[in-house]
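Engineer: how would this look folded up:
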Amino acid sequence: MAKKQKKATPKRAPTKHQLSKWQRQTKIRRIVIIAAVVFLAGILSWVGYEYYEDSIAPSREVVIKVNDASFNMGYYVKMLDAYTKGMEPEEIFYMADYMVNMAANDIIQVELLRQGAKNLDIEVTPEEIDAGLKELELPNDRVYQDIIRSTLLQEKLEEYFDSQLPPDAMEQAHVQVMLVESEEVADEVITKIEAGGNFTALVEEFSCNSSIEGDLGWLPKELMPNTLIADVAFNLTPGEISQPIYDETAAKNVGYWLIEVTDEEDDKIRARAMLLGSEAEAERVKVELVSRNFSSLAKEYSQHESKTEGGELGLLKQGDMGNEAFDQVAFNITANEVSEPVKDESVQTTGGYWLVMVVDRGEHQLETEVREELRDKHLNDWFEEWKEDSTIENLLDEEKKSWAVNKVLQGR
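Structural biologist: Prediction:
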């Protein structure tokens with residue numbers, strides 16, 4: 001017998017109170033969800049803003065301008081990264097001050113080179129850049145493209161300026177030179193040469209500038225060491241030696257001390273001194289000490305940094321001056337007596353006399369090394385003139401440089 005089915009219990013309609021409660025709960029949930037979404041959106045916006053402010057915005061900021069070309073921080077960071085490839089983070093950190101400036105200067109130099117070369121109708125093709133990148137296995141990135149371009153432009157500019165030189169001979173002079181410390185020494189050298197002395201042999205005995213001395217070979221006027229030598233070399237008769245030519249800016253690897261010890265304390269001394277450019281000058285100044293005080297003469301003649309203090313060196317122990325010639329005299333002379341001139345070849349002073357002898361002069365073939373020097377001089381002169389006429393802005397301050405270094409380090 002079939003079971004009797006139970007009648008379904010009819011659902012009761014919600015009361016007004018229940019409806020009101022559900023509506024309130026739904027409304028609260030909706031508010032909570034909206035608030036959560038708004039909060040989450042705010043967090044994401046803040047994070048995005050922080051990321052933009054920390055990474056994107058600084059990378060877009062222009063930090064270098066060269067005429068009408070601009071370079072942003074992103075480019076600068078990539079250049080700095082390229083220059084520090086292969087370096088450990090510790091090395092980058094240690095050399096940061098040097099590297100940040102080098103990267104900035106090279107961006108400027110590379111762009112100046114590109115713009116200047118373009119004015120001469122000299123350019124590098126994309127194909128040449130691609131070949132250079134492949135040869136050196138470098139990334140095909142703008143920074144590396146610019147590095148390759150500048151290298152190739154340098155080669156093309158060298159070829160250009162070499163082509164501007166005369167193909168054959170040009171006027172040159174074969175000269176021998178030396179710088180001596182005083183007119184008295186110059187006169188002595190001239191006397192020895194007139195008596196048959198050999199100029200280059202006398203250089204070893206009397207020259208006091210090792211960077212410009214002896215037989216310079218054949219040189220065009222533009223490559224003479226300085227204008228004083230050039231003017232003389234192209235006016236002297238071959239075989240003739242010049243009169244002494246004073247050069248107040250010439251650097252000499254010699255000086256002469258006048259030292260006075262004013263007090264002694266155990267193994268220390270209180271001293272004053274002046275450094276003179278020649279033995280003759282030191283002797284003349286010592287004679288003046290009869291009628292003038294040490295301090296005033298030191299302020300007038302000394303080439304040592306103590307001249308502003310009238311030559312006062314304070315309390316010294318051996319080694320404080322870092323000068324053996326000074327110590328040998330200062331710690332062995334009688335107090336309150338001025339020493340004889342003390343020769344010191346470990347110091348550098350300025351002011352001296354050039355002696356120039358012209359061996360020969362006339363049209364002469366440019367030797368390979370001389371030709372390269374002349375070519376490079378013309379190229380450098382052209383570049384410096386173009387740089388002078390350009391508008392360059394380096395907007396990198398210490399904070400921006402530090403930011404760039406940190407970005408490079410984060411990528412390592």
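Engineer: just give me the residue closest to the centre of this protein.
Structural biologist: Residue closest to the average C-alpha location in the chain (C-alpha atoms, centre = their mean): residue 102, at 8.5 Å.
Engineer: so residue 354, which of the three states?
Structural biologist: Residue 354 carries the three-state label strand when classified by DSSP: H, G, I helix; E, B strand; the rest coil.
Engineer: let me know the helix or strand that residue 314 is in.
Structural biologist: strand 312-316 (DSSP states H and E).
Engineer: tell me the buried residues in that strand?
Structural biologist: For strand 312-316, the neighbour count (16 or more other C-beta atoms under 10 Å) marks 312-313, 316 as buried. C-betas here are computed from N, CA, C, even on glycine.
Engineer: poorly predicted segments of this structure, please.
Structural biologist: Scanning the chain for pLDDT under 70 picks out the ranges 1-57.
Engineer: strands of that one, start to end?
Structural biologist: 62-66, 69-72, 169-180, 214-219, 245-252, 255-265, 268-276, 312-316, 342-344, 349-365, 392-394 (DSSP state E).
Engineer: who does the last one touch, helix- and strand-wise?
Structural biologist: If I follow you right, that is strand 392-394. strand 62-66, helix 96-119 (3 or more C-beta pairs under 8 Å, 6 or more residues apart in numbering; DSSP states H and E).
Engineer: need the winner for burial among these.
Structural biologist: Counting by mean count of other C-beta atoms under 10 Å, strand 62-66 has the highest mean neighbour count of these, with a mean of 19.
Engineer: and the angle from it to helix 96-119?
Structural biologist: Put simply, strand 62-66 runs at 40 degrees to helix 96-119, going by axes from the mean of the first three to the mean of the last three C-alpha atoms, to 10 degrees.
Engineer: ok, strand 62-66: who's next to it in the sheet?
Structural biologist: Using DSSP bridges, the strands paired with strand 62-66 are strand 69-72 (antiparallel), strand 392-394 (antiparallel).
Engineer: tabulate the strands of the chain (a markdown table), appending distance to residue 88.
Structural biologist: As requested, these are exported to a markdown table (distance: least, C-beta to C-beta, whole Å):
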| stretch | distance to residue 88 |
| --- | --- |
| strand 62-66 | 26 |
| strand 69-72 | 27 |
| strand 169-180 | 46 |
| strand 214-219 | 45 |
| strand 245-252 | 39 |
| strand 255-265 | 44 |
| strand 268-276 | 44 |
| strand 312-316 | 43 |
| strand 342-344 | 43 |
| strand 349-365 | 43 |
| strand 392-394 | 28 |
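Engineer: out of these, which gets nearest to residue 89?
Structural biologist: Checking these against residue 89 by C-beta to C-beta gives strand 62-66 as the closest, at 22.7 Å.
Engineer: about what we covered before: can you say which of the strands of the chain is nearest to residue 127?
Structural biologist: Per C-beta to C-beta, nearest to residue 127 of the strands of the chain: strand 69-72, 22.8 Å.
Engineer: domains of this protein?
Structural biologist: Domain ranges of the chain: 23-59, 63-164+381-410, 169-252+350-365, 255-347, per automatic domain parsing.
Engineer: on that earlier part again, list just the one of the strands paired with strand 62-66 that sits closest to residue 204.
Structural biologist: With C-beta to C-beta, the closest approach to residue 204 among these belongs to strand 392-394: 46.3 Å.
Engineer: how about the closest one: buried residues?
Structural biologist: By neighbour count on 16+ other C-beta under 10 Å, the buried set for strand 392-394 is empty.
Engineer: ok, and the closest non-adjacent residue to residue 331?
Structural biologist: residue 318 (5.9 Å; C-beta to C-beta, 6 or more residues apart in numbering).
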